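J.: What would the 3D arrangement of this be:
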Amino acid sequence: MIALRWLYILAAALSFNAAAQTTASPDVVATAPLPRVLIGVPHNVFSKLDQGRPTGIMLEALDTLVQQMGFQPSYISIPPSDMVAALESGQIDIASVRIQSARSKEKSHFSAPIVTEFNIPITRAGSDLKIRSLADLQGRSIAGRIGFHYPALENVANLKLERFDSDAAMVRALLLKKVDVAIIAGLSDIFMFRTEGVLRQVEVSDAAIGSVPLRAAFSAKRFTAEQVADFNKRLAEFQQGDSWQEVLDRNGFADLVKDWPAIQ
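T.: You can find the predicted model right below:
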């Protein structure tokens, strides 16, 4: 009986709304809802949800620009390992953080780089090793990530590259003197390590040995190349304005998002 009563109330409310719409002033024009797009969020420092609110420098920029293009964004947390399949199958419309490869470029439309992640050498604090050129790495043991490619190191003589499954494991090996140098990510790692006090124990090079552009990827099932070109134009204008600087400041990246010179 209670459920039936609520059905009557709901039906009455719907009837009232319909009548109100019918008798509304002719000057009131109904606004069509904006088309929705579903954005995949990997929950990292660049793109995450805080009680459903988009945060992180890449996701906040994407949220602003997608709305400028006339879409209503909604979000779903999705593991990075599932992001590619979800995007290419059309389960999501946009992946908020992606690295473009030759294969993925054929399957999706990629934005211009939103930020660039740099590969930065670090050494133990107080060590005599100063990295001013690639020659300074000769004969050294270097900690790198499994699956990562470091082209600048390929021609360094007598270099021993040891692979680790996490950045934390690399830094641990460095501090325990198992390696001489670790190659970390200049944006995400430095951001995380300084909140954990790790940076007091290491010295960070002021130059990089490589870089990886981070982009948004758009489903070819939903977006055209022309729409992504429009996004890129808006992105360039956005990053020249005060709003982008506010995003960087709010997220603690203002001093990290920069062009790191290359170690030669």
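
J.: you'd agree Ala125 is up against Val198?
T.: No: at 10.3 Å, Ala125 does not count as touching Val198 under the criterion of C-beta atoms under 8 Å. To be clear about C-beta, it is placed using only N, CA and C from the backbone, and glycine gets the same treatment.

J.: of the two, who's got more company?
T.: Taking neighbours as other C-beta atoms under 10 Å, Ala125 and Val198 compare with Val198 leading, 19 against 12.

J.: Distance check, the more buried one against Ile142.
T.: Separation of Val198 from Ile142 (C-beta to C-beta, to the nearest Å) stands at 18 Å.

J.: Just the pLDDT for Ile76.
T.: Looking at Ile76, its pLDDT is 96.

J.: do the same with Ile131
T.: Per-residue pLDDT puts Ile131 at 89.

J.: mind listing what it touches?
T.: By C-beta atoms under 8 Å, 6 or more residues apart in numbering, Ile131 lies in contact with 121, 123, 137, 181, 205, 207, 263.

J.: Next: Ala152.
T.: By C-beta under 8 Å, 6+ apart, Ala152 lies in contact with 134, 209-210, 262-263.

J.: can you tell me which of those residues are in strands?
T.: Members of these lying in strands (criterion: DSSP state E): Gly210.

J.: Could you work out the most separated pair of the contacts of Ala152?
T.: Maximum pairwise distance among the contacts of Ala152 (C-beta to C-beta): 11.2 Å, between Leu134 and Gly210.

J.: the helices in the stretch 1-150 of the chain, which residues?
T.: 2-22, 57-68, 80-89, 102-107 (DSSP state H, counting those that start in this stretch).

J.: between those, which gets the lowest average pLDDT?
T.: For the helices of the stretch 1-150 of the chain, mean pLDDT drops lowest on helix 2-22, to a mean of 36.

J.: what's the closest of the contacts of Ile131 to Ser111?
T.: Of all these, Ser111 sits closest to Ala207, with 26.8 Å by C-beta to C-beta.

J.: now the helices: where do they sit in the stretch 151-264 of the chain?
T.: Ranges of helices in the stretch 151-264 of the chain, per DSSP H, counting those that start in this stretch, are 167-175, 188-195, 225-239, 242-251.

J.: Which of those helices sits closest to Met83?
T.: Of all the helices of the stretch 151-264 of the chain, it is helix 188-195 that lies closest to Met83, at 16.3 Å by C-beta to C-beta.
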